[in-house]
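Participant: structure for the following, please:
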Amino acid sequence: MQNQECLQEGWYLLKAKPHQEQRARENLETQGFDTYCPIVKVRAKAKDPLKEEALFPGYVFLYLDLKDLDRYHKIRSTRGVIEIVYFNRITRQLHKDGRLSKSQEQNVQALLPKPIPNGHEVIKDIQLIVEALNNRAEGKGTASDKTAPFNKGDKVIMRQSLYQQLEMTFVTGLGSKRGLILVQHIRKQRNSQGETVCEVVSEQKMAAKYKDLKKA
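Facilitator: Here you go, the predicted model:
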(Lines give C-alpha, C1' and ligand atoms only; values in the text may rest on other atoms or scores of the structure.)
Protein backbone atom coordinates (compact mmCIF):
# COMPACT_ATOMS: atom_id res chain seq x y z
CA MET A 1 0.00 0.00 0.00
CA GLN A 2 1.31 3.44 -0.89
CA ASN A 3 2.13 5.89 1.88
CA GLN A 4 -0.52 8.37 0.74
CA GLU A 5 -3.15 5.68 1.32
CA CYS A 6 -2.12 4.95 4.90
CA LEU A 7 -4.21 5.82 7.93
CA GLN A 8 -2.97 8.23 10.56
CA GLU A 9 -1.55 6.88 13.79
CA GLY A 10 -3.94 7.10 16.77
CA TRP A 11 -7.03 5.72 18.49
CA TYR A 12 -9.95 4.64 16.30
CA LEU A 13 -13.50 3.67 17.16
CA LEU A 14 -14.89 0.36 15.91
CA LYS A 15 -18.54 -0.67 15.63
CA ALA A 16 -18.96 -4.20 16.97
CA LYS A 17 -21.79 -6.66 16.49
CA PRO A 18 -24.43 -6.61 19.26
CA HIS A 19 -23.08 -8.13 22.50
CA GLN A 20 -19.81 -9.09 20.77
CA GLU A 21 -17.51 -6.33 22.01
CA GLN A 22 -15.33 -8.79 23.93
CA ARG A 23 -15.22 -11.23 21.04
CA ALA A 24 -14.12 -8.47 18.69
CA ARG A 25 -11.46 -7.30 21.16
CA GLU A 26 -10.06 -10.81 21.65
CA ASN A 27 -9.91 -11.51 17.92
CA LEU A 28 -8.19 -8.19 17.23
CA GLU A 29 -5.62 -8.77 19.96
CA THR A 30 -4.94 -12.25 18.57
CA GLN A 31 -3.90 -10.50 15.35
CA GLY A 32 -1.54 -8.23 17.29
CA PHE A 33 -3.68 -5.07 17.48
CA ASP A 34 -3.92 -2.95 20.65
CA THR A 35 -7.51 -2.48 21.83
CA TYR A 36 -9.52 -1.08 24.70
CA CYS A 37 -13.05 -2.10 25.65
CA PRO A 38 -14.11 -0.26 28.85
CA ILE A 39 -15.88 -2.68 31.20
CA VAL A 40 -17.82 -1.53 34.28
CA LYS A 41 -19.32 -3.43 37.19
CA VAL A 42 -23.04 -2.90 37.77
CA ARG A 43 -25.89 -4.18 39.91
CA ALA A 44 -29.49 -4.33 38.72
CA LYS A 45 -30.59 -4.05 42.37
CA ALA A 46 -28.75 -3.27 45.59
CA LYS A 47 -28.61 -6.92 46.74
CA ASP A 48 -27.82 -8.41 43.34
CA PRO A 49 -24.29 -9.67 42.62
CA LEU A 50 -22.04 -7.50 40.51
CA LYS A 51 -21.89 -8.22 36.82
CA GLU A 52 -19.73 -6.75 34.09
CA GLU A 53 -21.02 -4.74 31.13
CA ALA A 54 -19.45 -2.75 28.33
CA LEU A 55 -19.52 0.97 29.12
CA PHE A 56 -20.23 1.67 25.45
CA PRO A 57 -22.29 -1.27 24.15
CA GLY A 58 -21.46 -2.08 20.55
CA TYR A 59 -18.12 -0.23 20.43
CA VAL A 60 -14.42 -1.05 20.85
CA PHE A 61 -11.43 1.29 20.74
CA LEU A 62 -8.47 0.33 18.56
CA TYR A 63 -4.99 1.88 18.51
CA LEU A 64 -3.12 1.87 15.22
CA ASP A 65 0.57 2.71 15.16
CA LEU A 66 3.11 2.64 12.36
CA LYS A 67 3.35 -1.15 12.30
CA ASP A 68 -0.43 -1.47 11.88
CA LEU A 69 -1.25 1.16 9.28
CA ASP A 70 -0.63 -1.02 6.24
CA ARG A 71 -2.89 -3.85 7.45
CA TYR A 72 -5.96 -2.01 8.68
CA HIS A 73 -7.99 -3.68 5.92
CA LYS A 74 -7.94 -6.85 8.05
CA ILE A 75 -10.04 -5.16 10.74
CA ARG A 76 -13.38 -5.31 8.90
CA SER A 77 -13.02 -9.07 8.34
CA THR A 78 -12.34 -9.71 12.02
CA ARG A 79 -15.10 -11.70 13.71
CA GLY A 80 -17.24 -9.51 15.92
CA VAL A 81 -16.36 -6.29 14.07
CA ILE A 82 -18.79 -4.50 11.74
CA GLU A 83 -16.72 -1.50 10.62
CA ILE A 84 -14.43 1.36 11.56
CA VAL A 85 -16.46 4.41 12.58
CA TYR A 86 -15.91 7.25 10.11
CA PHE A 87 -15.87 10.89 11.20
CA ASN A 88 -15.92 12.06 7.56
CA ARG A 89 -19.12 10.42 6.34
CA ILE A 90 -20.24 13.50 4.41
CA THR A 91 -17.10 13.41 2.26
CA ARG A 92 -17.53 9.68 1.74
CA GLN A 93 -21.18 10.11 0.73
CA LEU A 94 -20.24 12.83 -1.75
CA HIS A 95 -17.63 10.47 -3.16
CA LYS A 96 -20.21 7.69 -3.44
CA ASP A 97 -22.62 10.06 -5.23
CA GLY A 98 -19.90 11.23 -7.63
CA ARG A 99 -20.15 14.82 -6.44
CA LEU A 100 -16.45 15.45 -5.67
CA SER A 101 -14.12 17.36 -7.97
CA LYS A 102 -11.28 15.51 -9.69
CA SER A 103 -8.74 16.95 -7.27
CA GLN A 104 -10.88 15.84 -4.34
CA GLU A 105 -11.33 12.40 -5.86
CA GLN A 106 -7.56 12.01 -6.02
CA ASN A 107 -7.18 12.84 -2.33
CA VAL A 108 -7.47 9.26 -1.08
CA GLN A 109 -6.38 10.31 2.40
CA ALA A 110 -9.54 12.38 2.87
CA LEU A 111 -11.71 9.30 2.30
CA LEU A 112 -9.97 7.09 4.86
CA PRO A 113 -11.14 6.74 8.49
CA LYS A 114 -9.81 9.36 10.90
CA PRO A 115 -8.52 8.75 14.43
CA ILE A 116 -10.47 10.11 17.38
CA PRO A 117 -9.46 13.76 18.00
CA ASN A 118 -7.25 13.97 21.12
CA GLY A 119 -7.59 10.20 21.38
CA HIS A 120 -5.04 9.69 24.17
CA GLU A 121 -6.81 12.24 26.39
CA VAL A 122 -10.20 10.68 25.61
CA ILE A 123 -8.96 7.22 26.60
CA LYS A 124 -7.42 8.57 29.83
CA ASP A 125 -10.72 10.22 30.76
CA ILE A 126 -12.64 7.01 30.06
CA GLN A 127 -10.22 5.03 32.22
CA LEU A 128 -10.80 7.45 35.10
CA ILE A 129 -14.55 7.12 34.65
CA VAL A 130 -14.34 3.31 34.63
CA GLU A 131 -12.26 3.36 37.83
CA ALA A 132 -14.73 5.68 39.59
CA LEU A 133 -17.79 3.69 38.50
CA ASN A 134 -16.24 0.38 39.57
CA ASN A 135 -15.22 1.81 42.94
CA ARG A 136 -18.78 3.03 43.47
CA ALA A 137 -20.22 -0.35 42.49
CA GLU A 138 -17.92 -2.08 44.97
CA GLY A 139 -18.71 0.47 47.68
CA LYS A 140 -15.10 1.60 47.95
CA GLY A 141 -15.41 5.27 47.07
CA THR A 142 -12.25 7.22 46.30
CA ALA A 143 -9.96 9.47 48.30
CA SER A 144 -10.64 12.21 45.79
CA ASP A 145 -14.29 12.30 46.84
CA LYS A 146 -13.26 13.94 50.13
CA THR A 147 -11.28 16.73 48.47
CA ALA A 148 -13.58 17.48 45.55
CA PRO A 149 -14.91 21.08 45.56
CA PHE A 150 -18.39 19.77 44.71
CA ASN A 151 -20.74 17.32 46.40
CA LYS A 152 -22.57 14.48 44.73
CA GLY A 153 -25.79 15.83 43.21
CA ASP A 154 -24.58 19.44 42.91
CA LYS A 155 -25.79 21.20 39.77
CA VAL A 156 -22.77 22.54 37.91
CA ILE A 157 -22.07 24.65 34.85
CA MET A 158 -19.20 24.23 32.40
CA ARG A 159 -17.37 27.53 31.97
CA GLN A 160 -17.07 27.07 28.19
CA SER A 161 -20.03 28.76 26.47
CA LEU A 162 -20.60 25.72 24.25
CA TYR A 163 -21.76 23.68 27.26
CA GLN A 164 -23.56 26.27 29.35
CA GLN A 165 -27.03 25.42 28.05
CA LEU A 166 -26.74 21.78 29.15
CA GLU A 167 -27.98 20.35 32.45
CA MET A 168 -25.00 19.04 34.43
CA THR A 169 -24.83 17.20 37.74
CA PHE A 170 -21.68 16.36 39.70
CA VAL A 171 -21.35 12.61 40.31
CA THR A 172 -17.99 11.94 41.98
CA GLY A 173 -14.36 12.98 42.14
CA LEU A 174 -11.86 11.17 39.93
CA GLY A 175 -8.57 12.46 41.31
CA SER A 176 -6.04 14.54 39.37
CA LYS A 177 -8.31 17.56 39.96
CA ARG A 178 -11.06 16.06 37.82
CA GLY A 179 -14.61 14.99 38.46
CA LEU A 180 -17.27 12.85 36.81
CA ILE A 181 -20.38 14.74 35.72
CA LEU A 182 -23.70 13.64 34.27
CA VAL A 183 -24.63 15.69 31.20
CA GLN A 184 -28.29 15.78 30.17
CA HIS A 185 -29.71 17.17 26.94
CA ILE A 186 -33.14 18.53 27.90
CA ARG A 187 -35.89 19.60 25.54
CA LYS A 188 -38.50 22.05 26.79
CA GLN A 189 -41.94 22.21 25.20
CA ARG A 190 -45.49 23.23 26.10
CA ASN A 191 -48.21 20.64 26.61
CA SER A 192 -51.87 21.01 25.68
CA GLN A 193 -52.52 22.82 28.98
CA GLY A 194 -49.88 25.43 28.16
CA GLU A 195 -47.48 24.15 30.81
CA THR A 196 -43.74 23.90 30.14
CA VAL A 197 -42.61 20.27 30.22
CA CYS A 198 -38.98 19.19 30.33
CA GLU A 199 -37.96 15.96 28.60
CA VAL A 200 -34.52 14.33 28.91
CA VAL A 201 -33.56 13.57 25.30
CA SER A 202 -30.21 11.96 26.09
CA GLU A 203 -27.62 11.77 28.83
CA GLN A 204 -24.01 10.75 29.20
CA LYS A 205 -21.22 10.83 31.76
CA MET A 206 -17.96 12.62 31.11
CA ALA A 207 -14.84 13.71 32.99
CA ALA A 208 -14.15 17.40 33.52
CA LYS A 209 -11.47 19.45 35.23
CA TYR A 210 -12.60 21.20 38.41
CA LYS A 211 -11.26 24.51 37.10
CA ASP A 212 -13.69 24.26 34.17
CA LEU A 213 -16.73 23.86 36.46
CA LYS A 214 -18.69 26.14 38.73
CA LYS A 215 -21.83 25.65 40.82
CA ALA A 216 -25.09 26.48 39.08
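
Participant: the residue nearest to residue 85 when sequence neighbours are not counted: how many residues sit nearby?
Facilitator: Leaving aside its sequence neighbours, residue 85 sits nearest to residue 13 (Cβ to Cβ, 6 or more residues apart in numbering; 4.1 Å). Bear in mind the C-beta positions are built from the backbone N, C-alpha and C, glycine included. If you count neighbours by other Cβ atoms under 10 Å, residue 13 ends up with 19.

Participant: doesn't residue 13 fall inside a helix?
Facilitator: No - counting by DSSP: H, G, I helix; E, B strand; the rest coil, residue 13 falls outside a helix, being strand.

Participant: if I look at residue 51, how far off is residue 43?
Facilitator: 8 Å (Cβ to Cβ, to the nearest Å).

Participant: same thing with residue 120?
Facilitator: Note on residue 120: its distance to residue 43, by Cβ to Cβ, is 32 Å.

Participant: cool, residue 83 as well?
Facilitator: 33 Å.

Participant: then residue 160?
Facilitator: From residue 160 over to residue 43 (counting by Cβ to Cβ), the distance is 34 Å.

Participant: repeat that for residue 29.
Facilitator: Relative to residue 43, and taking Cβ to Cβ, residue 29 is found at 29 Å.

Participant: tell me the buried residues in the one helix or strand residue 169 maps to?
Facilitator: Using DSSP states H and E, residue 169 sits within strand 167-175. For strand 167-175, the neighbour count (16 or more other Cβ atoms under 10 Å) marks 167-174 as buried.

Participant: tell me the mean pLDDT over it?
Facilitator: The average pLDDT for strand 167-175 rounds to 84.

Participant: pull the distance from it to the chain's centre.
Facilitator: Offset of strand 167-175 from its chain centre (Cα atoms, centre = their mean, to the nearest Å): 17 Å.

Participant: now do that strand: which elements does it pack against?
Facilitator: Packing partners of strand 167-175 (3 or more Cβ pairs under 8 Å, 6 or more residues apart in numbering; DSSP states H and E): helix 119-137, helix 144-147, strand 155-158, strand 178-190.
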